[in-house]
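1. this one's sequence-less:
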């Protein structure tokens, strides 16, 4: 499947996915707020854990700015539950096991690890504005500094 070429200024594709408790969350239900929507490859792997813990450690500041943080991967609900509980992640991680949302956002594609090419979720973050438009996209994410980059950006908006 060809990647969707979303760009800043586009309307973010709506979705409805479930968290590890089976609670549905839709993007349209978050209208009126800024949303940090971060896509990541796999629960409890080194880079994904660094990224999730960094969002966790800054979560109160995101909340104080009125910003919602949501993570999405193709892992199932039980994997998300273990990951959230292990690292006390306070924000929802949504399961996209059918690949619908990762494909709609163009984050599913070819990846390379140790010389092996495979299909998977690329680490990409979107900031969606209160009107549902994509305000910012990070396609190259350094997990060690990314949360601070996102925080600096959303501070400039609110």
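-> Happy to help now that I have it. Everything quoted here is computed from the prediction, not taken from an experiment.

2. ok, residue 151 - contacts?
-> 58, 61, 62 (CB atoms under 8 Å, 6 or more residues apart in numbering). C-beta here means a position set from N, CA and C on the backbone, and glycine is covered the same way.

3. and the second one, what is it in contact with?
-> Read it as residue 61. residue 151.

4. element containing it?
-> In the assignment (DSSP states H and E), residue 61 maps to helix 59-64.

5. could you pull out the helices for the chain?
-> Taking DSSP state H, the helices of the chain run over residues 46-57, 59-64, 77-87, 100-104, 146-157.

6. returning to that earlier point: check the offset of the helix holding residue 61 from the chain's centre.
-> 16 Å (CA atoms, centre = their mean, to the nearest Å).

7. pairing partners for the helix or strand of the chain with the lowest mean pLDDT, with directions?
-> In the chain, the helix or strand scored least confidently by mean pLDDT, DSSP states H and E is strand 108-113, which has a mean of 86. According to DSSP bridges, strand 108-113 forms sheet pairs with strand 116-121 (antiparallel).

8. give me the buried positions along the partner strand.
-> Within strand 116-121, the residues that qualify as buried are 120, 121, counting by 16 or more other CB atoms under 10 Å.

9. chain center to it, what's the gap?
-> How far strand 116-121 lies from its chain's middle: 18 Å, per CA atoms, centre = their mean.

10. what does stretch 46-53 give?
-> 12 Å.

11. save the helices of the chain as JSON lines, and put in distance to residue 35 too.
-> Converted to JSON lines, the helices of the chain look like this (distance: least, CB to CB, whole Å):
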{"stretch": "helix 46-57", "distance to residue 35": "13"}
{"stretch": "helix 59-64", "distance to residue 35": "10"}
{"stretch": "helix 77-87", "distance to residue 35": "18"}
{"stretch": "helix 100-104", "distance to residue 35": "13"}
{"stretch": "helix 146-157", "distance to residue 35": "10"}
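
12. quick one: low-confidence residue ranges for the chain.
-> By pLDDT under 70, the low-scoring segments of the chain are 1-4.

13. at 80 what do you get?
-> Low-confidence segments of the chain (pLDDT under 80): 1-4, 113.

14. for the contacts of residue 151, give me TSV that also has distance to residue 69.
-> Converted to TSV, the contacts of residue 151 look like this (distance: CB to CB, whole Å):
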residue	distance to residue 69
58	9
61	10
62	5
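
15. which among those gets closest to residue 112?
-> Nearest to residue 112 among the contacts of residue 151 is residue 58, at 30.0 Å by CB to CB.

16. alright, I will stop here.
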